[in-house]
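Q: Here is the input, now give the coordinates:
(one chain, ligands or ions: 1)
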Amino acid sequence: MARLRHNPNPTMHELSLADGIVRMVEASAVRARFTRVSRLRLEAGALAGVETQALRFALDALRPGTCLQDAQIDIDEPPGRAWCGPCGSEVRIDSRADPCPRCGGYPVRVVGGADLRVVDLLVLEP
Ligand SMILES: [Zn+2]
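A: Here you go, the predicted model:
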């Protein structure tokens, strides 16, 4: 992967995303009556605009005292995928501003790798 490693200090952006994830999991815990999560799997696509290291750092800062306290947190980083009309193919892109790497066509339509979402939650029975 050719992604640059940035400063791991979370910005307000990653902090608010992490806060949203923790709140969502806590709300699920209340609804589904569990208290501890053993594993949380997230997906942060390459085009989601999320710095993964910073998100991890922010989650670590926010999770003490929550059901995520001792959870293993995995973050998948699927690559950006886009559909290019001119050459009729699905291609991989690293940024939303990239032209088609195959034909140079532009713009391409993003079809994947643009989401931040919870993929999976493994809970411990009380
Ligand atoms: Zn193309």
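Q: most centrally placed residue in this protein?
A: Using Cα atoms, centre = their mean, the residue of the chain that lies closest to the mean C-alpha position is residue 44, 1.9 Å off.
Q: separation between that one and the ion?
A: Separation of residue 44 from the ion (Cβ to the ion, to the nearest Å): 26 Å. Any C-beta I mention is one placed from the backbone N, CA and C, and that applies to glycine too.
Q: Can you say which helix or strand has the closest residue in space to residue 18 that isn't next to it in sequence in it?
A: The shortest distance from residue 18 to any residue other than its chain neighbours is 3.6 Å, reached at residue 58 (Cβ to Cβ, 6 or more residues apart in numbering). Secondary structure assigned from DSSP states H and E places residue 58 in helix 52-62.
Q: tell me the angle the helix or strand following that helix makes with helix 52-62.
A: Counting by DSSP H and E, the next helix or strand C-terminal to helix 52-62 is strand 72-76. Using axes from the mean of the first three to the mean of the last three Cα atoms, to 10 degrees, the inter-axis angle of strand 72-76 relative to helix 52-62 is 160 degrees.
Q: average pLDDT across stretch 95-107?
A: Confidence over stretch 95-107 (mean pLDDT, whole number) is 92.
Q: Stretch 27-42 now?
A: pLDDT averaged over stretch 27-42 equals 96, rounded to a whole number.
Q: As PDB, could you dump the C-alpha coordinates of it?
A: The C-alpha trace of stretch 27-42 is given here as PDB (Å, rounded to 0.1, in the frame of the first residue of the first chain):
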ATOM      1  CA  ALA A  27     -26.800   1.800  22.100                       C
ATOM      2  CA  SER A  28     -26.700  -1.700  20.700                       C
ATOM      3  CA  ALA A  29     -25.500  -3.000  24.000                       C
ATOM      4  CA  VAL A  30     -28.600  -1.500  25.700                       C
ATOM      5  CA  ARG A  31     -30.900  -2.800  23.100                       C
ATOM      6  CA  ALA A  32     -29.400  -6.300  22.800                       C
ATOM      7  CA  ARG A  33     -28.500  -6.600  26.500                       C
ATOM      8  CA  PHE A  34     -24.800  -7.200  26.300                       C
ATOM      9  CA  THR A  35     -22.200  -5.500  28.400                       C
ATOM     10  CA  ARG A  36     -18.900  -6.500  26.800                       C
ATOM     11  CA  VAL A  37     -17.700  -6.600  23.200                       C
ATOM     12  CA  SER A  38     -14.800  -9.000  22.500                       C
ATOM     13  CA  ARG A  39     -14.200  -7.900  18.900                       C
ATOM     14  CA  LEU A  40     -15.300  -5.000  16.800                       C
ATOM     15  CA  ARG A  41     -14.500  -5.000  13.100                       C
ATOM     16  CA  LEU A  42     -14.700  -1.700  11.200                       C
END
